[in-house]
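Asks: For reference, the sequence and a predicted model appear below.
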Amino acid sequence: MSTINIKRVKSSEIELKDRLVSIQRVAKVTKGGRTFSFSAIVVVGDENGVVGYGLGKAKEVTEAIAKGIDDAKKNLVKVPIINGTVPHEQYGKFSGGFVFIKPAANGTGVIAGGAMRAVLESAGVHNVLAKSKGSSNPHNVVKATVSALSQMRDAYTVAQHRGVDLNKVFNG
């Protein structure tokens with residue numbers, strides 16, 4: 001099995017927009033009763049091929065979101081986007097969440113469910129067909145989507161990896 005090279009990006013170099021995917025109230029049961037806090041999953045991206053996700057947990061909603069954004073800025077990946085869509089079909093998996101992402105013609109729009117839509121729009125994909133299978137848990141779906149996007153390779157990267165000319169990638 002080949003190793004996947006994930007291209008990391010520094011968050012200080014780009015302008016990132018954040019999207020809240022999910023917020024949950026969670027409880028910790030102690031001797032004195034239940035202690036409630038909030039867990040947030042946030043997706044950030046520059047809508048130009050860079051996307052990341054983060055988890056934040058705190059007593060207040062705003063603090064949880066802020067922590068999630070900080071975490072997301074530490075987990076950015078570069079996604080190849082060609083003419084507003086992804087370069088090829090790709091499956092992604094994380095735990096019980098399975099996703100399928102397929103390129104679409106110009107004008108199609110983002111055909112994807114809630115958690116996947118947030119990731120794809122933050123990445124800057126404008127035309128894509130996507131399907132979430134298995135778990136509908138937003139944590140698993142977001143992680144599976146980022147996994148699928150990070151495995152994408154454009155023709156130039158494939159040519160470089162194989163050590164051949166770009167035309168040879170298409171003409172065999």
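Replies: Right, received. Where do you want to start? No experiment lies behind these values; they were computed from the predicted model shown.

Asks: What distance do you get for the spatially most central residue of the chain to V164?
Replies: By Cα atoms, centre = their mean, the chain has its centre lying nearest to V146, at 3.1 Å. Between V146 and V164 the computed distance is 29 Å (Cβ to Cβ, to the nearest Å). All C-beta spots, glycine's among them, are computed from the backbone N, C-alpha and C.

Asks: same question, I23
Replies: Note on I23: its distance to V164, by Cβ to Cβ, is 48 Å.

Asks: next one: V142
Replies: Distance of V142 to V164, given as Cβ to Cβ: 35 Å.

Asks: Look at the two and report which has more neighbours.
Replies: Legend: neighbour count by other Cβ atoms under 10 Å for V142 and V164, higher for V142 (27 against 11).

Asks: elements contacting the helix or strand that that one is a member of?
Replies: Using DSSP states H and E, V142 maps to helix 138-150. Packing partners of helix 138-150 (3 or more Cβ pairs under 8 Å, 6 or more residues apart in numbering; DSSP states H and E): strand 17-30, strand 33-45, strand 50-58, strand 76-78, strand 90-94, strand 97-103, helix 114-123, strand 128-134.
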